[in-house]
Structure formats: C-alpha cells, structure tokens
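Novice: this one's structure only:
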Ligand SMILES: Nc1nc2c(c(=O)[nH]1)N=C([C@H](O)[C@H](O)COP(=O)(O)OP(=O)(O)OP(=O)(O)O)CN2
Ligand SMILES: [Zn+2]
C-alpha cells in the first residue's frame, strides 16, 4: 500500500458579517454577541486552510494535484464569499449566525459538493482573526 500524507492549501477572502440569531430577541442578541451584533456589521480577512488526507500516488507523487484543489477552493469558497456580505449574500446564513464555527461547516459542505474524490477531505480550518481559529472534521 502507498504511503498516506496530508496536503493543505491556504487561501484568504474578505467579507463582512454581523453576529445575530433570528431565534433571539434584539436584547438577547446584544447581550450574547455584543459589539459583533452591530446593525451595520464589520469585516474580516478570513484565512481558510483545507487539508486532504490520502495515498500518495506512486506514479504522480501526488495525493491530488494542488491545481485541482485550488480550483475546488475557488468554486466552493471564493466565488460565494469573497467581497460579500455573508448574512445577505450566502443563503446558508439566512437562518443561522455567521460564526466561524458555522463557516467551517458551510465550507466543509461546499468542498464535499465540488470535489471529485470528496472522501479525501480531512479538515477545514478558518482564521477569523489572528487570534480566533476554528477547525472542523465533518463530525
Ligand atoms: N465562538 C465564537 N465567538 C465569536 C465569534 C465566532 O465566530 N465564534 N466571532 C466573533 C466576532 O465575529 C468578532 O469579529 C471577533 O472580533 P474580535 O473580538 O475583535 O477578535 P479578536 O478576539 O481577534 O480581537 P482582540 O483584539 O483579540 O480582542 C466574536 N465571538
Ligand atoms: Zn466578526
């Protein structure tokens, strides 16, 4: 059996959002989300790392071609979210807060949809700020 490895590609996108739950009152939203509930939103330069895990093909020396992973991430992440308002432009966030946790799940689902060998998807990591980082492994 061929050795298995992890491969990761990193991208950055810019978007704005507001933390707000339609299941809470305005007062509760303010209490829970504080400054991040500001009506007119705020922005981030999100960093996303997508990791695949799989066999290193003995002929090509690759798990998959990074060029293909780049294409998948463009379609799954950049096209729907770069320079967008996450809450207004991305349907997924119309009924759930655009937290980094929910963002990782959305990206995971998006990657699963566009990848040819989606079973290789291992982890999605999102940096909302330098200090706030969430990882999701489809569990
Ligand atoms: N569990 C979560 N908590 C919070 C999230 C989140 O996605 N998941 N997000 C936010 C905000 O969107 C927010 O923009 C965070 O900004 P900020 O507090 O300014 O970020 P830092 O912690 O990196 O800034 P410091 O300078 O370190 O205060 C809030 N909570
Ligand atoms: Zn934020």
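Specialist: Perfect, thanks for sending it. Just so it is clear, the structure is predicted and the values come from calculations on it, not from any experiment. Numbers count the residues shown, from 1 in each chain. Ligands and ions are numbered 1, 2, ... in the order given.

Novice: Spell out which residues of the protein are next to ligand 1.
Specialist: Residues of the chain lying close to ligand 1 (C-beta under 6 Å from any ligand atom) are 19, 36, 42, 99-101, 128-129, 131-132. Every C-beta, even on glycine, is put in place using the N, C-alpha and C of the backbone.

Novice: Show me which pair in the residues you listed is furthest apart.
Specialist: Distance extremes for these: the farthest pair is 42 and 101 at 17.5 Å, using C-beta to C-beta.

Novice: which one of the two has more residues nearby?
Specialist: residue 101 (15 against 11; other C-beta atoms under 10 Å).

Novice: The more buried one and residue 133 touch, don't they?
Specialist: No - under the criterion of C-beta atoms under 8 Å, residue 101 is not in contact with residue 133, lying 11.0 Å apart.

Novice: Of the residues of the chain next to ligand 1, which belong to strands?
Specialist: residue 42 (DSSP state E).

Novice: want to throw the residues of the chain next to ligand 1 into TSV with distance to residue 92?
Specialist: Shown next, in TSV, are the residues of the chain next to ligand 1 (distance: C-beta to C-beta, whole Å):
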residue	distance to residue 92
19	15
36	18
42	19
99	12
100	14
101	13
128	16
129	21
131	25
132	20
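
Novice: now, among the residues of the chain next to ligand 1, which is nearest to residue 119?
Specialist: Using C-beta to C-beta, the residues of the chain next to ligand 1 come closest to residue 119 at residue 101, 23.4 Å.

Novice: how about the nearest residue to the closest one, chain neighbours excluded?
Specialist: Closest residue to residue 101 apart from its sequence neighbours, by C-beta to C-beta, 6 or more residues apart in numbering: residue 134 at 5.3 Å.
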